[in-house]
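Visitor: coords please:
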Amino acid sequence: MTFCVALLGGSFDPVHHGHVALGALFANLLRPDELRIIPAGNPWQKSALRATPEARVAMLKLAFADAGLSTALDRQEIERTTPTYTVDTLRNVRAELGPQASIVFLMGADQLQHLDTWRDWRQLFELAHIGVAARPGFSLAGAALPPAVATELQQRQASLEQLRNTPSGQAYLAQTLAVDISSTQVRAALQRGEQANSLIPRVVLDYIQQHNLYKI
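Guide: Next up, the predicted model:
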């Protein structure tokens with residue numbers, strides 16, 4: 001049986017219900033041997049992160065434990081001193097797990113629509129599979145994607161079983177994630193002093209309040 005790991009990366013500034021739902025969706029669909037969370041260190045396409053790495057790690061642990069999801073936390077990106085590129089992270093995970101392991105990198109459809117702006121994005125498929133979940137307002141139809149990305153996905157669509165039992169190179173598009181939340185939206189609500197229970201887990205909100213995060 002092929003060892004299968006699902007990777008969920010992101011800034012998680014802060015982690016919210018959408019992140020947890022994406023991890024839970026593929027944990028249920030794919031049944032990976034490990035769901036690994038990789039918080040970003042210095043993501044090159046985003047502005048400076050608001051919460052410290054340790055705060056983001058703490059919130060991630062709280063959120064996924066509260067959801068009953070068993071996860072492993074990978075600190076490689078927050079310990080990296082250079083800008084964070086997904087292709088480098090996947091190279092490291094592939095080197096760690098070996099050539100036969102199944103690696104499935106998870107993302108939302110909004111990320112997929114900008115995949116062609118990622119560094120060496122085609123090489124991602126040499127290192128891992130891509131698992132994508134739709135969000136309301138984001139279409140997985142080819143016309144909504146950059147042509148090069150749509151072409152790659154059409155050529156690589158596969159079943160969950162194929163992803164589970166092969167190392168890399170394929171894609172699975174899940175249409176069932178009806179959660180539309182962004183960390184930007186969460187931070188704005190927190191700054192306005194609004195209740196954010198519908199956006200983030202209660203345990204994360206408690207942590208944010210205890211540590212006085214996202215106030216300014």
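Visitor: Please identify the buried residues of stretch 15-27?
Guide: Buried residues in stretch 15-27, counting neighbours by 16 or more other CB atoms under 10 Å, are found at 15-27. All C-beta atoms are positioned from the backbone trio N, CA, C, and that covers glycine.
Visitor: Out of those, list just those in strands.
Guide: Using DSSP state E, no member of these sits in strands.
Visitor: which residues touch the nearest residue to Ala58 once chain neighbours are set aside?
Guide: Excluding its sequence neighbours, the residue lying closest to Ala58 (CB to CB, 6 or more residues apart in numbering) is Tyr207, at 6.4 Å. Residues in contact with Tyr207 (CB atoms under 8 Å, 6 or more residues apart in numbering) are 55, 58-59, 62, 213.
Visitor: same question, Ala101
Guide: Contacts of Ala101 (CB under 8 Å, 6+ apart): 2-5, 94, 167.
Visitor: what's the answer for Ser198, then?
Guide: His17.
Visitor: How about Asp116?
Guide: Contacts of Asp116 by CB under 8 Å, 6+ apart are 146, 148-149.
Visitor: Pretty sure it sits in a strand.
Guide: No - according to DSSP: H, G, I helix; E, B strand; the rest coil, Asp116 belongs to no strand; its state is helix.
Visitor: who's in contact with the nearest residue to it once chain neighbours are set aside?
Guide: Spatial nearest neighbour of Asp116, excluding adjacent residues (CB to CB, 6+ apart): Pro146 at 4.5 Å. Taking CB under 8 Å, 6+ apart, we find Pro146 in contact with 113-116.
Visitor: Could you do Thr89 as well?
Guide: Counted by CB under 8 Å, 6+ apart, Thr89 has contacts 7, 9, 38, 76-77.
Visitor: so which of these would you say is closest to Ile181?
Guide: Set against Ile181, the nearest of those by CB to CB is Gly9 (16.9 Å).
Visitor: How about the contacts made by the closest one?
Guide: Listed by CB under 8 Å, 6+ apart, the contact set of Gly9 reads 37-40, 77, 86, 89, 105-106.
Visitor: Which members of the residues you listed are positioned in helices?
Guide: 77, 86, 89 (DSSP state H).
Visitor: CSV for the residues you listed, including distance to Asp180 and pLDDT?
Guide: Output for the ones in helices among the contacts of Gly9, formatted as CSV (distance: CB to CB, whole Å; pLDDT from 0 to 100):
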residue, distance to Asp180, pLDDT
Glu77, 25, 93
Thr86, 23, 94
Thr89, 26, 96
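Visitor: partners of the helix or strand harbouring Ile103 in the sheet?
Guide: Element membership for Ile103, per DSSP states H and E: strand 102-108. Strand pairing for strand 102-108, using DSSP bridges, gives strand 4-10 (parallel), strand 129-133 (parallel).
Visitor: out of these, deepest packed?
Guide: Looking across the strands paired with strand 102-108 with neighbours counted as mean count of other CB atoms under 10 Å, the highest average goes to strand 129-133: a mean of 26.
Visitor: Past that one, which element shows up next along the chain?
Guide: Next helix or strand after strand 129-133 toward the C-terminus (DSSP H and E): helix 147-156.
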